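Peer 1: Here is my input; please provide its structure:
(one chain, ligands or ions: 1)
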Amino acid sequence: MTRGLRGGAAWLLLACGAGPAPAPDAAPAPVAATAPTAIDAAPRVAAPTTAVDAPAAPPVAGPPPPELVDLRVAVPGLRLAIGYATAENFTGAPLPGYDAPGAWAHPELASALRAVDDALAPEGLGLLVFDAYRPKRATAAMVAWARAQGRSDLLRDGYIAERSQHNRGLAIDLTLVARDTGAPLDMGGAWDAFLPESAAFAATGDALAHRKRLREAMLEHRFSPHDGEWWHFSLPHARAPVLDVVYAPAR
Ligand SMILES: [Zn+2]
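Peer 2: Here you go, the predicted structure:
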């Protein structure tokens, strides 16, 4: 799932902290805006923070329905940055269905992702998930947002789909991280940006090499890529029902 030029630009500005002028002593913005900054390394309960007065971390999602598995359980050490559970996404608000950040998926996807993670581990690489199973109501909200914004072009151009493999737990948005620190690798563009540079090979240098490594690792384990979105992979040949189960906080 993604966003378009104007929507994406707005989100990127948000993600980069634009808006109010930064204080002169503010830390410089990261060179590569790659992801929401709150990275929750599973199976930790709380996201790491640096400010002592930071707001409490949101609750972690509870267990999935029988059709899905929790990727934090299936892939030990998997890191999450679930943008749709926060305002750090193109709509500027949490999406319906994400009452807590979580990453559930079809069991076939989970086992394939575990194999990808195992293959990357010897290289010191790990995985950071932006989105996995997506409740149907969240997809509906994205479509409604695009229409309300006069951005039907996002639907036409495939950035926002009315039906998504995410709704079946058969798609995942993710990137590479340093396995020890969780630091995202430079991919030369942000997740879920409706921009030309989101195309799989629209990068150069290290960023292009990183995209290719992610793609190669995923394709080796039966995933299919999305040429317009470097972060999106799916298992299109697997079968599963569309679901609308909400990510609810763990009790
Ligand atoms: Zn996706």
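
Peer 1: use CA for all of it now, contacts and neighbours both
Peer 2: Will do.

Peer 1: Would you mind measuring from residue 145 to the ion?
Peer 2: Taking Cα to the ion, to the nearest Å as the measure, residue 145 and the ion are separated by 17 Å.

Peer 1: Does that residue belong to a helix, a strand or coil?
Peer 2: Under DSSP: H, G, I helix; E, B strand; the rest coil, the three-state class of residue 145 is helix.

Peer 1: from what I can see it touches residue 91, true?
Peer 2: Yes. Here residue 145 reaches residue 91: they are 7.0 Å apart, a contact under Cα atoms under 8 Å.

Peer 1: What about the residue nearest to residue 124 when sequence neighbours are not counted, how many residues nearby?
Peer 2: Among residues not flanking residue 124 along the chain, residue 179 sits closest, at 5.2 Å (Cα to Cα, 6 or more residues apart in numbering). Neighbour count for residue 179, taken as other Cα atoms under 10 Å: 21.

Peer 1: so residue 179 makes contact with residue 118?
Peer 2: No. Counting by Cα under 8 Å, residue 179 does not reach residue 118; the two are 11.2 Å apart.

Peer 1: where do the helices sit along the stretch 101-250 of the chain?
Peer 2: For the stretch 101-250 of the chain, helices defined by DSSP state H, counting those that start in this stretch occupy the ranges 107-120, 136-148, 152-156, 205-219.

Peer 1: Tell me which residues of the third one come out buried.
Peer 2: Put plainly, it is helix 152-156. Under the neighbour-count criterion of 16 or more other Cα atoms under 10 Å, helix 152-156 has 154-155 buried.

Peer 1: Return the residues in contact with the residue nearest to residue 124.
Peer 2: Going by Cα atoms under 8 Å, 6 or more residues apart in numbering, residue 179 touches 121, 124-127.

Peer 1: If we use 10 Å, what do you get?
Peer 2: Residues near residue 179 by Cα atoms under 10 Å, 6 or more residues apart in numbering: 77-79, 117, 120-128.

Peer 1: So for residue 145 and residue 91, which residue has more residues nearby?
Peer 2: Between residue 145 and residue 91, counted using other Cα under 10 Å, residue 91 has the larger neighbour count: 20 against 15.

Peer 1: Please identify the helix or strand for that one.
Peer 2: For residue 91, there is no enclosing helix or strand under DSSP states H and E.

Peer 1: mind giving me a markdown table with the helices of the stretch 101-250 of the chain and columns for mean pLDDT?
Peer 2: Formatted as a markdown table, the helices of the stretch 101-250 of the chain follow (pLDDT from 0 to 100):
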| stretch | mean pLDDT |
| --- | --- |
| helix 107-120 | 98 |
| helix 136-148 | 95 |
| helix 152-156 | 89 |
| helix 205-219 | 98 |
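
Peer 1: what is in contact with residue 179 and residue 118 at once?
Peer 2: 125-126.

Peer 1: shaky segments in the chain?
Peer 2: 1-58 (pLDDT under 70).

Peer 1: Which parts of it are strands?
Peer 2: Applying DSSP state E to the chain gives strands spanning 40-41, 69-70, 79-80, 104-105, 125-131, 171-178, 224-226, 229-234.

Peer 1: how many other residues sit next to the residue lying closest to residue 204 once chain neighbours are set aside?
Peer 2: The shortest distance from residue 204 to any non-neighbouring residue, by Cα to Cα, 6+ apart, is to residue 188 (7.7 Å). Residue neighbour count, defined by other Cα under 10 Å, stands at 21 for residue 188.
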